[in-house]
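In: after the sequence you'll find the predicted model.
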Amino acid sequence: MAISHAASARSMVTRPNLRRIGFPDLKAALLKGVEDFMALPTHVLFLIAIYPIAGVIIAAATFESDLLPILFPLASGFALIGPFAAVGLYELSRQRELGLPLAETRPFAPLTGRHAGSIFAVGLVLMLIFVAWIITAMGLYWALFGPETYGSAFAFAEAVLTTPRGWMLIVIGNLVGAAFSLIALAVSAVSFPLIIDRGVDAGTAIETSAALLRENPRTMIAWGLVVAGLLVLGMVPLFVGLALVLPILGHATWHLYRRAIAP
C-alpha cells in the first residue's frame, strides 16, 4: 500500500501537464508534418525505406508460404508498432525545431542515448500488443475456418468475402483489431516524443499518453482513425505508399505532442 501511494505521488509530480486539443490541432500537426517531410535530409531516405520494404517482404513471404490468413493481421499490425519505427523521425523534427543544420541531424541519436532504455521499454510493450493481436487474429481465423488452406489469393478472398463465416471474420476481426489499436494508442500517442524531449521514464510516458486519451477522447480517437486510414492508403500500392505516409505521420506526431503537452 505504501509503495502504491509513493508511486501515485511520484506520478502526480512527474507527469507533464496536458492541454485540451481539438480537430484544428490535428490539422495543424499534419501540415507541420508535411513541412518537416519536405525538409528532410537525403540520408533519412534509408529510414523511410525500412517500413515499406519490410511490408513487401512480409507480403511476398505469406504468398509464397501459403500463409495468406496471416497477411492482413501482419499488415494491419504495422499500425501497432509504427510509433516505435518512427523514433528517428521524432528526433529529426526536434532537431529541426531547434534550428540545427540538416547536415548535423542525427535521427538515431535517441536509440543510443541515455534514455534509450525507456524507448526500448515502450517499444517492447508495443511489440507485446502486436504479438497478442497476431495470436488473437489467428485464433479467430482457426475458430471459423479451421485448418483449411487455399491454393490462391483469389480463392482465399472469395472464401472471406462471400461466405457467412468470412463476414463474421471481417466484423469480429475488425472490432478486435480496433480494441488493440485503442490500447496501442493509449500506450504510444506521445510516449516516444515525451521520452526524447524530456527524458521521462517509460512508465511516466505511457501514463501521460493514456491520460491524453482520457482527457481528449474524441480528438485522440479521430487521430487514431487518421493514422489508420493513411496507413491503409499507404499499404494499397504494395506498401510503397508507406514511404510517404510514415514520415509525414511521424513528424506530425511530434507536432501533436508539442500541442498536447504544456511546456
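Out: Now that the structure is in, tell me what you want to look at.
In: could you look up the SS state of Arg106?
Out: coil (DSSP: H, G, I helix; E, B strand; the rest coil).
In: correct me if wrong: it contacts Gln95.
Out: Yes - between Arg106 and Gln95 a contact is recorded at 7.4 Å, counting by Cβ atoms under 8 Å. Placement of C-beta: from N, CA and C, glycine included.
In: with neighbour numbers in mind, choose between these two.
Out: In this comparison of Arg106 against Gln95, neighbours counted by other Cβ atoms under 10 Å, the higher total goes to Gln95 at 18 against 14.
In: quick one: that one is in a strand?
Out: No - membership of Gln95 in a strand is not supported by three-state DSSP, which gives helix.
In: quick check, it in contact with Pro101.
Out: No - taking contact to mean Cβ under 8 Å, the distance of 9.3 Å between Gln95 and Pro101 leaves them out of contact.
In: next, the contact list for the nearest residue to Ala189 once chain neighbours are set aside, please.
Out: Counting by Cβ to Cβ, 6 or more residues apart in numbering, Ala189 lies nearest to Ser209, which is 4.2 Å off, once chain neighbours are set aside. Contacts here follow Cβ atoms under 8 Å, 6 or more residues apart in numbering; on that basis Ser209 touches 185-191, 194.
In: in what helix or strand does Ser209 lie?
Out: Using DSSP states H and E, the element containing Ser209 is helix 202-215.
In: pLDDT weak spots in the stretch 151-263 of the chain?
Out: Residue ranges of the stretch 151-263 of the chain with pLDDT under 70: 237-239.
In: kindly export the helix or strand harbouring Leu74 (C-alpha atoms) in CSV.
Out: Taking DSSP H and E as the definition, one finds Leu74 inside helix 68-85. The C-alpha coordinates for helix 68-85 follow below in CSV (Å, rounded to 0.1, in the frame of the first residue of the first chain):
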residue,chain,number,x,y,z
LEU,A,68,-2.5,-15.9,-46.6
PRO,A,69,-4.6,-15.8,-43.5
ILE,A,70,-1.9,-14.1,-41.6
LEU,A,71,-1.2,-11.4,-44.2
PHE,A,72,-3.9,-9.0,-43.1
PRO,A,73,-3.1,-9.3,-39.4
LEU,A,74,0.5,-8.7,-40.1
ALA,A,75,-0.2,-5.7,-42.4
SER,A,76,-2.7,-4.1,-40.0
GLY,A,77,-0.4,-4.8,-37.1
PHE,A,78,2.1,-2.3,-38.6
ALA,A,79,-0.1,0.4,-37.1
LEU,A,80,0.6,-1.0,-33.6
ILE,A,81,4.4,-0.9,-33.8
GLY,A,82,4.6,2.1,-36.2
PRO,A,83,5.2,4.6,-33.4
PHE,A,84,8.5,2.8,-32.4
ALA,A,85,9.6,2.6,-36.0
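In: any regions of the stretch 1-150 of the chain where pLDDT drops low?
Out: Looking at the stretch 1-150 of the chain by pLDDT under 70, you get 1-14, 41-66, 102-105.
In: can you pull out the strands in it?
Out: Using DSSP state E, counting those that start in this stretch, no strands are found in the stretch 1-150 of the chain.
In: quick one, helices of the stretch 1-150 of the chain?
Out: Shown for the stretch 1-150 of the chain, the helices assigned by DSSP state H, counting those that start in this stretch span residues 2-14, 23-38, 45-64, 68-85, 87-97, 116-145.
In: no wait, the stretch 151-263 of the chain
Out: 153-161, 164-188, 191-198, 202-215, 217-235, 242-260.
In: for Gly88, find the nearest of those helices.
Out: helix 242-260 (7.9 Å; Cβ to Cβ).
In: between that closest one and helix 23-38, how many degrees?
Out: In terms of direction (axes from the mean of the first three to the mean of the last three Cα atoms, to 10 degrees), helix 242-260 departs from helix 23-38 by 130 degrees.
In: just checking, what packs against helix 242-260?
Out: Under the contact criterion of 3 or more Cβ pairs under 8 Å, 6 or more residues apart in numbering; DSSP states H and E, helix 242-260 touches helix 23-38, helix 45-64, helix 68-85, helix 87-97, helix 191-198, helix 217-235.
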